[in-house]
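Participant: Got a predicted structure here, sequence first:
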Amino acid sequence: MRIAIAGFSHESNSFYSQPTQLKDFGVCEGAAAIGQYEGTFHEIAGYIAGAEQFGYELYPLLAAVATPGGPVTAAAYEHFVGRILSGLEAAPKLDGVLLALHGAMVAEGFPQADGETVRRVRALMGDLPIAVTHDYHANVPPELVAAADSLIIYKANPHIDQRERGLQAASILTRQIRGEVQPKMALVKPEVLFNIYFHNTSVAPMQPLMQAAIELESQAGILGCSIAGGYQYADVPYMGPSVVVIADGDEERARREAVRLGEQMWASRDQLRASVPGPAEAVRLAVASEETPVCLLDMGDNIGGGSSGDSTFVLEQLLAQEADGWVASVWDAESAQGCFAAGVGGQVQLRVGGKTDDMHGPTLEIAGRVRTLHDGSYEERERRHGGGRYFDQGPTAVVQVGKGLLLLNSERACPNSIHQITCAGIQPEQQRILVAKGAVAPRAAYEPVCPRLIEVASGGATAIDRPADEYRLARKSLYEWR
Ligand SMILES: [Zn+2]
């Protein structure tokens, strides 16, 4: 049995000012993709592990991934889809295809880009079995469910179960190839937006929903049951949560169960109003907290949700309120460079952050002393959001500013690993306030260190209260917008 595997993954924020281009993607071709992912917690690691477990030969095409950002350019989209299709065409006889797609990619011309990708693979491969895995933040459209044989979505947010979901998809695919099962899928789209604030799968309202999905999946005849929280920063027709049930040979049962879970989600609609402090109030709460360190989740500059990483709203408040013992990171290659020029111990006058566009706060005039300089690479061996192991935030400086530490990096880096700051010599447990630019994802890295986490309703490309009239394609019938 020979299975082609490919990954083409991007979470695209329709509201971020910078498009995602070809050069923004990290790409591994052929066998290099195996070297890159084997031994990680990513779903492609699950595909790889499945080869031995389920007895197939891997035919790796490519894995392309970029940090979340603005919509993918047509050139980049066509390039990578073209590579997948030409790789499939050139392949020796295949028995199935495993596709790791994010589920919230927006490409120029194709708002529901992952649906288009699977449609094209289906058109090329005829009735060859195709299994797809998606991120929990997928905005699943009907055309994707129509084109794939099975779709499995991460169940955990922070995403710490990707490897298991990859294995699950591989298991369904190989059983289908052997004629042991007949996956039949149904998709239901509850008419809610389900704000990212409520996406933590460890607490209500998402936890009981996910529990119901897990229980259903344990029943005989059910091959998969997934709930996607959706991704509210993609302005696309099927933005919002999804329920996807795969039943063995029984489309009617899949439909019935998906409707039941969809109704359970709909019943939670009145719990979906978020009341979240803004930067000034959140910093006040953190300063006054007896439990430390406090993690401030900067939701408006959620880099993993496609924001700039150079927002200054929270930093501005830390400085204005003369907070003690804080650590904040800002993506600002120019300022980092200034620190390298000044050297360790050098006094610097910097213009920090707010440079990408006018959505992420003012550029701040900051005076400080360069404390340390680093190459910015780090390794994460624990199970953390995204399942990655090797990271690089580029040349990185730590500047003492007042009673806090400002980390300036040269590449946008999601705070999915605490080693983003420990690699720069910062000891998190000795601090009082740690700012993580994210919503739920940083919890896996920061909860072990911080007894208290406070969400911050800050401005930016991932502001959690974007008004409905800024959307063009999303369904205006969603409950929160009525
Ligand atoms: Zn996600």
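Facilitator: Perfect, thanks for sending it.

Participant: For the stretch 201-350 of the chain, which residue gets nearest to the ion?
Facilitator: Gly304 (7.0 Å; CB to the ion). Every residue, glycine included, has its C-beta placed from N, CA and C.

Participant: how close does that residue get to Ala156?
Facilitator: Here Gly304 is placed at a distance of 15 Å from Ala156 (CB to CB, to the nearest Å).

Participant: More neighbours: the two, which one.
Facilitator: More neighbours surround Gly304 than the other of Gly304 and Ala156, with 26 against 18 (other CB atoms under 10 Å).

Participant: Go ahead and confirm that one touches Asn416.
Facilitator: Yes. If you go by CB atoms under 8 Å, Gly304 and Asn416 touch, sitting 7.0 Å apart.

Participant: Could you pull out the residues contacting both of these two?
Facilitator: With contacts taken as CB atoms under 8 Å, 6 or more residues apart in numbering, Gly304 and Asn416 have His385, Gly386, Gly438, Ala441 as neighbours in common.

Participant: ok, which of these also contact the ion?
Facilitator: Among the shared contacts of Gly304 and Asn416, no residue is within reach of the ion (CB under 5 Å from the ion).

Participant: what two of the residues you listed are the furthest from one another?
Facilitator: Farthest pair in those (CB to CB) is Gly386 and Gly438. Separation: 10.9 Å.

Participant: Give the residues shared as contacts by these two.
Facilitator: Counting by CB under 8 Å, 6+ apart, the shared contacts of Gly386 and Gly438 are Gly304, Cys414, Asn416.

Participant: isn't the last one right up against Gly387?
Facilitator: No. With contact defined as CB under 8 Å, Asn416 does not count as touching Gly387 (9.2 Å).

Participant: between those two, which one's more packed in?
Facilitator: Neighbours per residue, other CB under 10 Å: of Asn416 and Gly387, the larger number sits with Asn416, 26 against 23.

Participant: okay, that one: pLDDT?
Facilitator: Predicted confidence (pLDDT) for Asn416: 96.

Participant: Please name the nearest non-neighbouring residue to it.
Facilitator: Using CB to CB, 6 or more residues apart in numbering and skipping the chain neighbours, the partner closest in space to Asn416 is His385 (4.6 Å).

Participant: do Gly278 as well
Facilitator: If the residues on either side of it in the chain are set aside, Gly278 comes closest to Ala457, at 5.4 Å by CB to CB, 6+ apart.

Participant: Kindly reformat the shared contacts of Gly386 and Gly438 as a markdown table containing secondary structure.
Facilitator: Below are these laid out as a markdown table (DSSP: H, G, I helix; E, B strand; the rest coil):
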| residue | secondary structure |
| --- | --- |
| Gly304 | helix |
| Cys414 | coil |
| Asn416 | coil |
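
Participant: For the nearest residue to the residue of the stretch 201-350 of the chain closest to the ion once chain neighbours are set aside, give its distance to the ion.
Facilitator: Distances taken as CB to CB, 6+ apart place Cys414 nearest to Gly304, at 4.1 Å, with adjacent residues excluded. According to CB to the ion, to the nearest Å, Cys414 and the ion sit 10 Å apart.

Participant: Name the residue of this protein that lies nearest to the ion.
Facilitator: Nearest residue of the chain to the ion: His137, at 3.6 Å (CB to the ion).
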